[in-house]
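Engineer: Below are the sequence and a predicted model; questions follow.
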Amino acid sequence: MTPRGHGTFGLVQEHHFSVELDAPPEEVWEVFWYRGDDRPQPRDVNTRIDILHPGDEIGEGLVRHCHFPVPRILGSGGVGQSWEWLTEVKPFESWRYDAVGKPLWSRATGHTRLVDLGNGRTRVHFKETYETFNPWMRRLGLERWVHHRLSRDNDTILAALEGGVRWHRKRKARS
């Protein structure tokens, strides 16, 4: 955790994780950045990413609206939303996103980095900082609790990435 800026209380929530995949960085990049109409969509209608603006030719400036499951106790019907813009895009290497989300009106900054391990393997590093705008949500512990609930399942993320790599390989084999 890192200290908050001047005039705020408590700590910013941080989440880090790394996973290794049996795929080169170019294939892993496609899992995140492929925009074709045939891209797989989650079966859960409460989970989706809508591209509002594609950004430039490499995705710099991309704006997306995300829907994702959150604890129902937050009063949003179990669905959270974020509006995210992507910057610092370096194809096949890294990108940054900044987001505003709800419920708990919050801001987040995330960095994703792809490291070529050689032999067709890639390590994906992810780091996110998260904080609510309302200091009472921090004091009551809701900020930490919600961020933990949203960030806790790295195994699911790994499975989704591996599934994405498999899907792209099949897609390319068909063409």
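Structural biologist: Arrived safely, thanks for sending.

Engineer: any idea how far the most centrally placed residue in the chain is from residue 130?
Structural biologist: In the chain, the residue lying closest to the centroid (Cα atoms, centre = their mean) is residue 110, at 7.1 Å. Separation of residue 110 from residue 130 (Cβ to Cβ, to the nearest Å): 9 Å. To be clear about C-beta, it is placed using only N, CA and C from the backbone, and glycine gets the same treatment.

Engineer: hang on, the earlier thing: which ones are touching the residue nearest to the centre of the chain?
Structural biologist: Taking Cβ atoms under 8 Å, 6 or more residues apart in numbering, we find residue 110 in contact with 96-97, 99, 126-129.

Engineer: Looking at the residues you listed, spot the one nearest residue 80.
Structural biologist: residue 99 (10.8 Å; Cβ to Cβ).

Engineer: what's next to the helix or strand containing residue 27, contact-wise?
Structural biologist: Using DSSP states H and E, residue 27 maps to helix 25-33. Identification of contacts with helix 25-33 by Cβ under 8 Å, 6+ apart yields 21, 59, 91-93, 95, 112, 114-116, 122, 124, 161, 164-165, 168-169.

Engineer: quick one: the helices in this protein?
Structural biologist: 25-33, 135-139, 142-151, 154-174 (DSSP state H).

Engineer: closest one to residue 44 among these?
Structural biologist: So among the helices of the chain, helix 154-174 is nearest, using Cβ to Cβ, at 11.8 Å.

Engineer: what comes into contact with the closest one?
Structural biologist: Residues contacting helix 154-174 (Cβ under 8 Å, 6+ apart): 17, 19, 21-23, 27-28, 30-31, 34, 38, 40, 124.

Engineer: Can you give the distance of that helix from its chain's centre?
Structural biologist: Helix 154-174 has its C-alpha centroid displaced from the chain centroid by 16 Å (Cα atoms, centre = their mean, to the nearest Å).

Engineer: Next, the angle helix 142-151 makes with that helix.
Structural biologist: Relative orientation of helix 154-174 versus helix 142-151 (axes from the mean of the first three to the mean of the last three Cα atoms, to 10 degrees): 40 degrees.
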